[in-house]
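> from the sequence below, what's the structure:
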Amino acid sequence: MRAFQNNQLDLDRSVVTIGAFDGIHRGHQALIQKAKSRADEYGVPLVVYTFDPPPRAFFQNQLVLTQLPEKKRYLEELGVSYAIFASFDRDYAARTVDEYIDELKRLNPREIWVGPDFQFGKGKSGSILDLQDHFHTFQHPIVTCPEGEIISSTRIRHLLLHKEVEKAHFLLGRVQ
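Sure, this is the predicted structure:
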């Protein structure tokens, strides 16, 4: 896997998946695996577009579940060809929907895959509908655990805060 910062990568074709991917938990893994299967079908590279630090860590000072070196390792294990680690700061957060879309156009995506409740751009003003105006964009369904609860980074942080480490590790896909 080759890693880049935002606005550094240009490709002839790709499949792209976008998200904070903090934790690379089972839900993230399902989304990335779906995008990877589509990239393989097209014979194009898979690009994961993510953020360092994750937006919630930047804005809300939340615990980062997966530090950058570990995140890179997990993405590589999932078969990602390229990863873009956008430097998330105040300037990046102020980017418009159009600026974000212009950067994605440089990747020439055949498809873009996002998770539920995907938002982007200044003030979360962009949605999957904005992406669909420019790209073939798909939303991966919510992934739940065997008890039927949604797998999310927020839930994993809650479990860790309440010392439920075994459950958190299961949701992360790192059962010990």
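
> which non-adjacent residue is nearest residue 23?
Nearest residue to residue 23 in three dimensions, chain neighbours excluded: residue 65, at 3.7 Å (C-beta to C-beta, 6 or more residues apart in numbering). C-beta: built from backbone N, CA, C; applies to glycine.

> now the helices for the protein?
Along the chain, counting by DSSP state H, helices occupy 26-42, 55-60, 68-77, 90-93, 97-105, 128-132, 153-161, 165-172.

> for those helices, which has the smallest mean pLDDT value?
Ranked by mean pLDDT, the helices of the chain bottom out at helix 55-60, which scores a mean of 87.

> ok, and what's touching that one?
For helix 55-60, contacts defined as C-beta atoms under 8 Å, 6 or more residues apart in numbering pick out 20, 22, 62-64, 88-89, 93, 153.

> quick one on the thing from earlier: give the contact list for the residue nearest to residue 23.
Each residue near residue 65 by C-beta under 8 Å, 6+ apart is listed here: 22-23, 25, 153, 156-157, 172.

> select from those the one having the most neighbours.
residue 23 (29 neighbours; other C-beta atoms under 10 Å).

> that one contacts residue 156, doesn't it?
Yes: between residue 23 and residue 156 there is a contact at 5.7 Å, judged by C-beta atoms under 8 Å.

> list residues touching both of the two?
65, 172.

> where does the residue nearest to residue 23 fall, phi/psi-wise?
phi -80, psi -30 (degrees, to the nearest 10).

> ok, the residue most central in space within the chain to residue 26 distance?
Residue closest to the average C-alpha location in the chain (C-alpha atoms, centre = their mean): residue 19, at 2.3 Å. Applying C-beta to C-beta, to the nearest Å, the value for residue 19 to residue 26 is 14 Å.

> before we move on, what about residue 90?
Residue 90 is 32 Å from residue 26, where distance means C-beta to C-beta.

> residue 102 too?
The gap separating residue 102 from residue 26 is 33 Å, by C-beta to C-beta.
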